[in-house]
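# Quick one, fold the following:
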Amino acid sequence: MGNRWWKSSKTYKFENMKSDFLNWYKTNFDILRAKLIATNQSTWLLDALFPAIELTALKYFDSKQLTPFNKFRWYYMLLFQRDVEYQLKFENTENYDVIFWPTQHKHYALQLPVYHQLKKINIKVVFITTTISLEENFRKDNVEYIQVLSKKRNTNRFAIFIQNLKLKRQALNFDPFKISNKNIFFHKVISDALTYRIPCNKALAIYNILVQKRKPKIIFLGYCFSTISFSIDKKCKEDGVNTASIQVGRLASYLLNYSSLQTYYDYGRFTTNEIQKYAPLLEVVEVGSVKMEVTVNGKGAEEVKALTGAIRKNYKSIALIAFSGPGLSVSSQGHIENLKIVKAVIEEQPDVYFIFKFHGKDSLTFYSEFHEFSNHLIIDQSHPMYQFDIMHLIKECDFLISGASTTLMEAAYWLKPVISLDVLGELKSIELTEEEFIFKCRNFQDLNSTITSILSDDLFAAEKMLLTKEFSDNTFSKSNIPPSERIAIDVVSRINKLT
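Okay, here's the model as predicted:
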């Protein structure tokens, strides 16, 4: 038995158009970057904004770009709001060995156990962030942190406005990308992406104060391919500060192309091999998944077991559906088409209970026609189970349906069959989806027959499970020593070399 790779002419056309579009904005970005280098201009801002440029470009492709009103509002705030001056409040007078700089709550969750491991062995370690809500977590968890204070000052951001105009002007004269009855212009993509730059400027300003007052040996970036991390990692390299990051999801190519990250604590051999293809100088340390460690010790396990236990009294199997929603990888139309197929399969498989665990980008507006079926549950942002990590649901389900999210790898860790559904072929550029252990589906026939194969545990499914185990063993470094402790041991050895 094998997957049916049937494609309509409409699907094939969309797939190729999306691929061409990805090449269009990435090629233009590289050309613009080379132009700046050739004229002795700094590429700092452009490099820092690459994730924002990618997001902005895909919003144009999906017809969700900024409205004229939103642009006007942003320029008004940029020009007429006073600038901000930052101060740092330190708890002690000593230099720190390690500083953790998370920008999102999920990245703080990964760094927290490493912080505690380092504290156990008396390493001088502290947190700092540009995200105000994270400071509340610092206080609640009673960790040491550098408080960021700010006050308005009587200067404007006109210089930033002029710098933006100059960068936008450099992006003129690129050929537009033609889609349907419209053109997408690269200078407009750059212009919209520049609305993300204020957090970058804030991060750099705070970093400059930090290294003057308490220069650390190592900074753990909150997320190695966020705009904030990109805005400071090259500066760290210039200043002789080592940068490190902990893997939280799939490896993104621009981590290798545009960052100066020096140490990457990854899941295992799979990621290491990928990095060595493109960035042999990036030092990779295989420690396993800190996310797995955090989840096993985290909240929600008992609640999820109770939920799935009740479901199994009436249904033979549980399928977990974990789509990311429209965003970087999948367009709104792609998400809609995927859900059409899932809806048909839910009707076709009455003995299977389907649990949808929402990602932040997903919305109930896409699920208005699902209410007629009793064999499904939607865990959206208002559901009490939403607060718990999806890993608990992965452990308790029988198989997973996703697109190209990290859940495919996480389910493989627990040796669960995984299905990648991609009706419009938008995910073919993501290398993870090409792994042999994944059931790849493009239409209703593919998905329905694959689920039947998994539930019957036929020869095709059994062969896939052998490949799943092989992938899991190769991808995740496993040990009796927790990943957070393995990171701490490595950090200490690096500090000793720098002392």
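
# which residues sit against stretch 249-260?
47, 50-51, 54, 224-225, 229-230, 233-234, 236-237, 243, 261, 264, 266, 271, 274-275, 278-279, 282, 404-406, 409, 430, 432 (Cβ atoms under 8 Å, 6 or more residues apart in numbering). Placement of C-beta: from N, CA and C, glycine included.

# In strands, which of those fall?
With strands taken from DSSP state E, the overlap with the contacts of stretch 249-260 comprises 243, 264, 266.

# Domains in this protein, by residue range?
The record, using automatic domain parsing to delimit domains, assigns the chain the ranges 91-145+215-289+479-498, 299-475.

# What's the mean pLDDT across the first one?
The average pLDDT within domain 91-145+215-289+479-498 is 91.

# In a markdown table, list the domains of the chain along with distance to residue 175 and mean neighbour count.
Shown next, in a markdown table, are the domains of the chain (distance: least, Cβ to Cβ, whole Å; neighbours: other Cβ atoms under 10 Å):
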| stretch | distance to residue 175 | mean neighbour count |
| --- | --- | --- |
| domain 91-145+215-289+479-498 | 22 | 19 |
| domain 299-475 | 21 | 18 |
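
# ok, the nearest residue to residue 409 once chain neighbours are set aside to residue 466 distance?
Distances taken as Cβ to Cβ, 6 or more residues apart in numbering put residue 475 closest to residue 409, at 6.3 Å, once the chain neighbours are dropped. Residue 475 sits 15 Å away from residue 466, going by Cβ to Cβ, to the nearest Å.

# What of residue 293?
Counting by Cβ to Cβ - residue 293 and residue 466 are separated by 27 Å.

# just checking, what packs against the strand or helix carrying residue 148?
Assessed by DSSP states H and E, residue 148 sits inside strand 147-153. When contacts are defined as 3 or more Cβ pairs under 8 Å, 6 or more residues apart in numbering; DSSP states H and E, strand 147-153 packs onto strand 83-89.

# Centre of the chain to the strand it packs on, how far?
Here the centre of strand 83-89 is set off from its chain's centre by 29 Å, with Cα atoms, centre = their mean, to the nearest Å.

# quick one: contacts for residue 408?
400, 402, 418, 420, 432, 433, 438.

# Tally up the residues packed near the spatially closest residue to residue 183 that is not a sequence neighbour, please.
Nearest residue to residue 183, sequence neighbours excluded (Cβ to Cβ, 6+ apart): residue 176, at 3.9 Å. Residue 176 has 13 neighbouring residues, counting by other Cβ atoms under 10 Å.

# rewinding a little: list the residues that contact the residue nearest to residue 409.
267, 268, 269, 270, 271, 409, 412, 413.

# how about 6 Å then?
267, 268, 270 (Cβ atoms under 6 Å, 6 or more residues apart in numbering).

# Redo the residues you listed as a markdown table? Include distance to residue 306.
A markdown table is the format used below for those (distance: Cβ to Cβ, whole Å):
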| residue | distance to residue 306 |
| --- | --- |
| 267 | 30 |
| 268 | 32 |
| 270 | 34 |
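
# Moving C-terminal from the helix or strand where residue 108 lies, which element do we reach first?
Using DSSP H and E, the element containing residue 108 is helix 105-120. Past helix 105-120, further along toward the C-terminus, the next helix or strand under DSSP H and E is strand 125-127.

# circling back: out of the domains of the chain, which is closest to residue 191?
With Cβ to Cβ, the closest approach to residue 191 among the domains of the chain belongs to domain 91-145+215-289+479-498: 15.7 Å.

# Against residue 400, how distant is the residue nearest to residue 409?
Look at residue 475 and residue 400: by Cβ to Cβ, they are 15 Å apart.

# From the rest of the structure, what touches stretch 151-162?
Contact with stretch 151-162 is made by 78, 79, 82, 83, 85, as judged by Cβ under 6 Å, 6+ apart.

# give the contact list for residue 145.
Neighbouring residues of residue 145 by Cβ under 6 Å, 6+ apart: 127, 138.

# which ones are touching residue 220?
100, 111, 244 are the contacts of residue 220 under Cβ under 6 Å, 6+ apart.

# and the residue lying closest to the last one once chain neighbours are set aside, bridged to which residues?
Same thing as residue 244. If the residues on either side of it in the chain are set aside, residue 244 comes closest to residue 263, at 4.0 Å by Cβ to Cβ, 6+ apart. For residue 263, the beta-bridge partners are residue 244, residue 283 (DSSP bridges).
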